[in-house]
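S.K.: coords below, sequence missing:
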């Protein structure tokens with residue numbers, strides 16, 4: 001009997017299947033509660049609203065934490081329905097350290113921390129951690145799950161881009177410091193001070209609060225600004241290719257064919273020689 005209840009709870013708290021009215025209703029209620037929590041956190045930072053509705057904010061926070069805590073505990077209790085978390089102890093521990101379970105935990109953590117901490121300044125800062133609840137939406141939204149999957153799939157390439165950007169930041173800051181320090185010692189006083197200019201230039205923002213005045217500095221700035229355009233384009237291309245790959249994988253799972261919009265050829269055809277079918281790959 002307990003096992004049957006656990007299975008029903010598992011299908012109730014996880015993203016619902018088509019036709020599962022109660023599961024879909026649960027999804028809608030949790031999503032609505034998350035959005036209301038985000039709105040409450042934002043409005044509670046307005047001093048007039050905080051003074052006037054503090055009790056209402058506190059009551060809403062208490063109700064929300066009770067619901068989120070119950071959801072978190074139910075997920076831990078019912079996770080053993082999945083084969084990979086089948087062990088009553090180690091399976092639940094593994095589940096608790098999955099990304100979505102950690103997000104669920106961080107969503108309720110700010111409420112319980114004040115019982116173990118006394119520094120009010122830290123507590124005020126910790127209250128903003130309630131914004132972690134927005135990430136709970138990823139459990140209920142296919143689009144957010146797809147975004148997370150793309151970043152996980154492309155984490156290697158994105159890490160390389162991060163290393164390249166960091167290297168460019170250090171080099172450009174160092175070169176600009178050498179070129180401009182004598183002419184503007186108060187502006188480019190050190191390499192860390194020059195990093196602000198490098199960041200806004202490499203990201204093509206260019207606030208204009210810092211700028212080179214020497215011929216060498218201007219030449220370096222022109223080259224760095226052009227490199228910044230390519231650096232911004234790199235992660236965009238990587239992420240775009242990730243979304244294309246996700247779409248192809250989803251079409252394959254559904255048994256659908258992806259067709260080139262220009263020539264009408266099937267994009268899922270295997271390259272020649274991989275399956276022995278003799279088909280020609282899309283160019």
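M.R.: Ah, there it is. What you are looking at is a predicted structure, and each value in this text was computed from that prediction instead of being measured.
S.K.: any low-confidence regions in this protein?
M.R.: By pLDDT under 70, the weakly predicted segments of the chain are 1, 15-20, 117-135, 137-144, 206, 208, 250-283.
S.K.: for it, longest helix please?
M.R.: helix 215-254 (DSSP state H).
S.K.: quick one: buried residues of that one?
M.R.: Neighbour counts over helix 215-254 (16 or more other CB atoms under 10 Å) mark 217, 220, 221, 224, 227, 228, 231, 238, 239, 242, 246 as buried. C-beta: built from backbone N, CA, C; applies to glycine.
S.K.: what's the answer for stretch 149-162, then?
M.R.: For stretch 149-162, by 16+ other CB under 10 Å, it's 150, 153, 154, 157, 158, 161.
S.K.: can you tell me how far the first one sits from residue 239?
M.R.: Summarising the geometry, the distance separating residue 150 from residue 239, computed by CB to CB, to the nearest Å, is 6 Å.
S.K.: try the fourth one
M.R.: Distance, residue 157 to residue 239, by CB to CB: 9 Å.
S.K.: repeat that for the last one.
M.R.: For residue 161, the distance to residue 239 equals 10 Å [CB to CB].
S.K.: for the most centrally placed residue in the chain, give its distance to residue 160.
M.R.: In the chain, the centroid-proximal residue (CA atoms, centre = their mean) is residue 148; its distance is 6.3 Å. Distance of residue 148 to residue 160, given as CB to CB: 20 Å.
S.K.: same question for residue 147.
M.R.: To residue 160, residue 147 is 20 Å away according to CB to CB.
S.K.: now do the helices in the stretch 51-200 of the chain.
M.R.: Under the criterion DSSP state H, counting those that start in this stretch, helices of the stretch 51-200 of the chain are mapped to 90-96, 99-112, 120-127, 142-153, 155-180, 191-202.
S.K.: with distance to residue 37 as extra columns, can I get these in CSV?
M.R.: Shown next, in CSV, are those (distance: least, CB to CB, whole Å):
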stretch, distance to residue 37
helix 90-96, 22
helix 99-112, 8
helix 120-127, 12
helix 142-153, 16
helix 155-180, 29
helix 191-202, 33
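S.K.: quick one: which of these is nearest residue 64?
M.R.: With respect to residue 64, and counting by CB to CB, the nearest of those is helix 99-112 at 8.5 Å.
S.K.: the closest one to helix 142-153, inter-axis angle?
M.R.: 110 degrees (axes from the mean of the first three to the mean of the last three CA atoms, to 10 degrees).
S.K.: for residue 57, what are its contacts?
M.R.: Contact analysis of residue 57 by CB atoms under 8 Å, 6 or more residues apart in numbering lists 40, 43, 44, 50.
S.K.: list the buried residues of stretch 174-190.
M.R.: So for stretch 174-190, counting by 16+ other CB under 10 Å, buried means 175, 176, 177, 179, 180, 181, 184, 187, 188.
S.K.: wait, what's in contact with the fourth one?
M.R.: Each residue near residue 179 by CB under 8 Å, 6+ apart is listed here: 212, 214, 216, 217, 220.
S.K.: from those, which is closest to residue 78?
M.R.: For these, the nearest to residue 78 is residue 220 (59.6 Å; CB to CB).
S.K.: the closest one touches residue 175, doesn't it?
M.R.: Yes: Residue 220 lies in contact with residue 175 (CB atoms under 8 Å); the separation is 5.5 Å.
S.K.: report how many residues lie close to residue 95.
M.R.: Residue 95 has 18 neighbours, counted by other CB atoms under 10 Å.
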